[in-house]
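*Asks:* structure for the following, please:
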Amino acid sequence: MTADRTTPDLESLRKAVAAFGGGPSSLPVLDLTAAGDRRRLLTLLNAWGCRIPYPRDGEPDPFDAAVGAWAGHGQAALPAAPLAELTDAELEPLGGCFAELAAIQVGRPGGARKLGPTAASKALHMLRPRTLMPWDAAIAEQLHGGRGPAEYVAHQRLGRDWARGLLQTTGLDEQALTLTLGGPGRPLAKVLDDYCYLRFTRMERL
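*Replies:* Sure thing, here's the model as predicted:
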């Protein structure tokens, strides 16, 4: 059985924003066709708890090679509209982009480490912070019953519907809404992820 998918109320979102200190997202603008930005992505993912191995001196760098190969076509296929404005036509191809990225090999030579669904979702969020919500295993399993490409698309659709509902109910645009929630400049996609993390990963009552 999946968890309650009711649109979060404003007070719950305020509590979630406050728990993470509010303020804008500090994510840089990344272009993964550039080697320097691929290394920045690796550093950011590991800072977010993904534990992807760094290459030793003289070793090949599977992460750099695989992410670079994916970026050549996958990055350009990602939508750029804010989460609330995503169309069903823009959502459907995301499953393929997510699945391919999650499956890339990022371990040391001879290892079998894949990037995986959590790190892939975080990487996609870093590429499109206003557009795509990340997740972790607990969020994915509780809200969607799995962590595959269909569930990833379902998560973005749920976030889209939540975002639309909040904007319509309040009559505010995204900038004004996040300001009201105590997170000026923070993408609504990240505010909703903050809520999901507290509600479904840490199981807090909001």
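*Asks:* the strands in this structure, which residues?
*Replies:* With DSSP state E applied, the chain shows no strands anywhere along its length.
*Asks:* in space, not sequence, find me the middle residue of it.
*Replies:* Most central residue of the chain, judged by C-alpha distance to the mean C-alpha position with Cα atoms, centre = their mean, is P134 at 2.2 Å.
*Asks:* gap between that one and P55?
*Replies:* Look at P134 and P55: by Cβ to Cβ, to the nearest Å, they are 25 Å apart. The C-beta positions use only the backbone N, C-alpha and C, and glycine is treated the same way.
*Asks:* ditto for A176
*Replies:* 45 Å.
*Asks:* could you do G171 as well?
*Replies:* 51 Å.
*Asks:* which one's more surrounded, those two?
*Replies:* A count of neighbours by other Cβ atoms under 10 Å puts P55 above the other of G171 and P55, at 14 against 8.
*Asks:* is it true that that one touches R108?
*Replies:* Yes - look at P55 against R108 with Cβ atoms under 8 Å: they come within range, at 7.2 Å.
*Asks:* identify the contacts common to these two.
*Replies:* Jointly contacting P55 and R108 under the rule Cβ atoms under 8 Å, 6 or more residues apart in numbering are P62.
*Asks:* so what pLDDT did T7 get?
*Replies:* pLDDT for T7: 95.
*Asks:* alpha carbons of the longest helix seen in the chain, as CSV, please.
*Replies:* For the chain, the longest helix by residue count, based on DSSP state H, is helix 149-170. Coordinates of the C-alpha atoms in helix 149-170 are reproduced here as CSV (Å, rounded to 0.1, in the frame of the first residue of the first chain):
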residue,chain,number,x,y,z
PRO,A,149,11.4,4.5,-14.6
ALA,A,150,7.6,4.3,-14.4
GLU,A,151,7.7,5.2,-10.7
TYR,A,152,10.1,8.0,-11.4
VAL,A,153,7.7,9.5,-14.0
ALA,A,154,4.8,9.0,-11.5
HIS,A,155,6.8,11.0,-8.9
GLN,A,156,7.3,13.9,-11.3
ARG,A,157,3.7,13.8,-12.2
LEU,A,158,2.7,13.8,-8.5
GLY,A,159,5.0,16.8,-7.8
ARG,A,160,3.6,18.6,-10.9
ASP,A,161,0.0,18.1,-9.6
TRP,A,162,1.0,19.2,-6.1
ALA,A,163,2.7,22.3,-7.5
ARG,A,164,-0.3,23.2,-9.7
GLY,A,165,-2.7,22.7,-6.9
LEU,A,166,-0.7,24.9,-4.5
LEU,A,167,-0.3,27.7,-7.1
GLN,A,168,-4.0,27.6,-8.0
THR,A,169,-5.2,27.5,-4.4
THR,A,170,-3.0,30.4,-3.3
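*Asks:* buried residues of it, list them for me.
*Replies:* By neighbour count with 16 or more other Cβ atoms under 10 Å, helix 149-170 contains the buried residues 149, 151-156, 158-160, 162-163, 166-167.
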